[in-house]
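J.: sequence isn't available, so here's the structure alone:
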Ligand SMILES: Nc1ncnc2c1ncn2[C@@H]1O[C@H](COP(=O)(O)OP(=O)(O)OP(=O)(O)O)[C@@H](O)[C@H]1O
Ligand SMILES: Cc1ncc(CO)c(N)n1
């Protein structure tokens, strides 16, 4: 069995973060492991508290994982501070981790900051160079490029700029636009539009976490980057189509694809 590690924050309500990652990995056919960077107190209505893991204890988790069950791919999600980022970067280099999928989680769907503003530079300097692909949403791509993204052309411009600046593949997610669910994969010097079916479902908590974890799972299983992204987008669409409706806000996806109902 192939193995995947998620380095991310815990979402006690189970829809995003580590919990979404593990559900996704199981459904995508890999063995899931986790190194928890922070505990969050959150639910479908918002984020009510964040407690960061100490950097030393994060190191301890990563040492336990890498010296025993080596991951075939790594997904990186919420990293709340520059210090945590630095520790993750050092450990990933120390152990020569590969197939790294980095979701630059900055602000939750409910509008809460999950990454210190002053940590953005460290993310770009220390972690982007280690990644095979980064998966920003539109607001994150705007923050990273300084460009305003209003249409397909500006999505292409921003993805190209990120690709050129960091020499890594970019999946610019279009979920924040309201009329479609088209994402842009920029790799090998050109963009590939992945036309998604927009599902009429207000419950989208954890879509980004789910997508990046599915990509890491498919890379671990040996699929190419483009095939991994296509398969993962299909999984996400199916999880939205299952129309789970839990909680008082933007609820979680049905990671089982309706198989338990
Ligand atoms: N209503 C929808 N129907 C189909 N696909 C969607 C819908 N909403 C989002 N997506 C898809 O979900 C994926 C995640 O996109 P999005 O831009 O929402 O990421 P995100 O903002 O990082 O997610 P999160 O809410 O977890 O922070 C993309 O592939 C996007 O196209
Ligand atoms: C822990 C965590 N990671 C990522 C997100 C973004 O969806 C979230 N809401 N919570």
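T.: Right, received. Where do you want to start? Being a predicted model, the structure only gives us computed values, none of them experimental. Ligands and ions are numbered 1, 2, ... in the order given.
J.: what's the burial count for the residue lying closest to residue 115 once chain neighbours are set aside?
T.: In this structure, residue 115 finds its nearest non-sequential neighbour in residue 106, 4.8 Å apart by C-beta to C-beta, 6 or more residues apart in numbering. (C-beta placed from N, C-alpha, C; glycine too.) Here the count is done by other C-beta atoms under 10 Å, and residue 106 has 20 residues near it.
J.: which parts of this structure sit against ligand 2?
T.: Within reach of ligand 2 by C-beta under 6 Å from any ligand atom, the chain has these residues: 8-9, 11, 16-17, 40, 77-78, 105, 108-109, 114, 206, 208-209.
J.: in helices, which of those appear?
T.: If you go by DSSP state H, the residues of the chain next to ligand 2 have 17, 208-209 in helices.
J.: just give me the closest of those to ligand 2.
T.: residue 17 (2.8 Å; C-beta to the nearest ligand atom).
J.: contact partners for whichever residue of the stretch 101-250 of the chain sits closest to ligand 2?
T.: Nearest to ligand 2 in the stretch 101-250 of the chain, going by C-beta to the nearest ligand atom, is residue 108, at a distance of 3.9 Å. By C-beta atoms under 8 Å, 6 or more residues apart in numbering, the residues touching residue 108 are 16, 42, 46-47, 114.
J.: so where do the strands sit in the chain?
T.: For the chain, the strands defined by DSSP state E cover 3-11, 31-43, 46-52, 73-76, 100-102, 133-134, 169-172, 183-187, 190-194.
J.: and stretch 107-126, which residues are buried?
T.: Buried residues in stretch 107-126, counted by 16 or more other C-beta atoms under 10 Å: 108-109, 114-116, 119-120, 122-124, 126.
J.: you'd agree residue 138 is up against residue 177?
T.: Yes: look at residue 138 against residue 177 with C-beta atoms under 8 Å: they come within range, at 7.1 Å.
J.: give me the more crowded residue out of those two.
T.: Set residue 138 next to residue 177 and count neighbours by other C-beta under 10 Å: residue 138 wins out with 19 against 16.
J.: against ligand 1, how distant is the spatially closest residue to that one that is not a sequence neighbour?
T.: In this structure, residue 138 finds its nearest non-sequential neighbour in residue 176, 4.5 Å apart by C-beta to C-beta, 6+ apart. Noted for residue 176: a distance of 5 Å to ligand 1, by C-beta to the nearest ligand atom, to the nearest Å.
J.: the longest helix along the chain near ligand 1 at all?
T.: When the chain is parsed with DSSP H, its longest helix is helix 225-241. Yes: for helix 225-241 and ligand 1, the contact criterion (C-beta under 6 Å from any ligand atom) is met by 233, 236-237, 240.
J.: weed out the non-buried ones from the residues you listed.
T.: Neighbour-count burial (16+ other C-beta under 10 Å) is assigned, among the residues of helix 225-241 next to ligand 1, to 233, 236, 240.
J.: read off the pLDDT value for the second one.
T.: According to the model's per-residue confidence, residue 236 sits at a pLDDT of 97.
J.: contacts for stretch 39-53 next, please.
T.: With contacts defined as C-beta under 8 Å, 6+ apart, stretch 39-53 is touched by 9-13, 15-17, 36-38, 61, 78, 80-81, 84, 108, 110-112, 114, 203, 205, 246-252.
J.: picking up where we left off before, let me have the contacts of residue 108 in JSON lines, adding pLDDT and distance to residue 190 as columns.
T.: JSON lines is the format used below for these (pLDDT from 0 to 100; distance: C-beta to C-beta, whole Å):
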{"residue": "16", "pLDDT": "97", "distance to residue 190": "31"}
{"residue": "42", "pLDDT": "96", "distance to residue 190": "38"}
{"residue": "46", "pLDDT": "94", "distance to residue 190": "39"}
{"residue": "47", "pLDDT": "95", "distance to residue 190": "37"}
{"residue": "114", "pLDDT": "93", "distance to residue 190": "32"}
